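Trainee: please work out how this folds:
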Amino acid sequence: MGHTRSVACVFTNSVQKEVVDELKCSGQTKPITSQHCSLKPCGVQWYVTEWSACSRSCNGGYRVREVRCLTDNFTLSDSCDPTSVPEKEGECNHQPCLTEINPSCSDQYHNCLVVVQARLCVYPYYRGVCCASCSRAQQTYPDSFQRNHIHR
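Mentor: You can find the predicted model right below:
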């Protein structure tokens, strides 16, 4: 595929333009007469819209988009290759949700680090006096609180 054009040597005086022998233009750079061009293949192809917003902001959600098989003049067709159909839905935002810490939740005990290390956050008293430290620890090790709970 390519574009082509004709090139002529033209002499211009104050009254008119006149095509003259190419040798008279020999001092000039001759413009290119043809060049390659690439066009999209003719026929039908898949078109997709932008992805929708994710259904959840964390812990895994879904997003969707429209997928259409269209002809060159953008009319619907059923002739696209079904094996190359783009995804219509996908997963997104796999990162875990961080538990919101209550703003009134704070440490009122001077050594909450020891409370966390000794796994005392399972007890309501220590969870209350070391609320912020226990909440942070629970985000980091959510299942250790259940496993290490001591029954008396």
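Trainee: do you have the strands of the chain handy? List them.
Mentor: Using DSSP state E, the strands of the chain run over residues 2-4, 9-12, 17-20, 34-36, 45-48, 61-64, 67-70, 89-92.
Trainee: report all helices and strands that the third one contacts.
Mentor: Counting contacts by 3 or more Cβ pairs under 8 Å, 6 or more residues apart in numbering; DSSP states H and E, strand 17-20 packs against strand 9-12. All C-beta atoms are positioned from the backbone trio N, CA, C, and that covers glycine.
Trainee: which of the residues in the longest helix seen in the chain are buried?
Mentor: Ranked by residue count and defined by DSSP state H, the top helix of the chain is helix 131-140. Within helix 131-140, the residues scored as buried using 16 or more other Cβ atoms under 10 Å are 131, 133, 134, 135, 136, 137, 138.
Trainee: between those, which sits nearest residue 80?
Mentor: Taking Cβ to Cβ as the measure, residue 80 lies nearest residue 138 of those, at 50.6 Å.
Trainee: next, work out how far apart the closest one and residue 127 are.
Mentor: 9 Å (Cβ to Cβ, to the nearest Å).
Trainee: mutual contacts of these two, please.
Mentor: Common contact partners of residue 138 and residue 127 (Cβ atoms under 8 Å, 6 or more residues apart in numbering): residue 121.
Trainee: low pLDDT regions in the protein?
Mentor: Under the criterion pLDDT under 70, the flagged ranges of the chain are 1-3, 38-41, 99-103, 140-152.
Trainee: got the domain ranges for it?
Mentor: Residue ranges for the domains of the chain, per automatic domain parsing: 2-36, 45-92, 98-152.
Trainee: list the residues that contact the spatially most central residue of the chain.
Mentor: By Cα atoms, centre = their mean, the chain has its centre lying nearest to residue 51, at 8.3 Å. Residues in contact with residue 51 (Cβ under 8 Å, 6+ apart) are 63, 64, 65, 90, 92.
Trainee: could the buried residues of helix 131-140 go into TSV alongside distance to residue 109?
Mentor: TSV is the format used below for the buried residues of helix 131-140 (distance: Cβ to Cβ, whole Å):
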residue	distance to residue 109
131	10
133	9
134	10
135	14
136	14
137	14
138	17
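Trainee: who's residue 36 bridged to?
Mentor: residue 2 (DSSP bridges).
Trainee: near residue 110, how many other residues are there?
Mentor: By other Cβ atoms under 10 Å, 8 other residues sit near residue 110.
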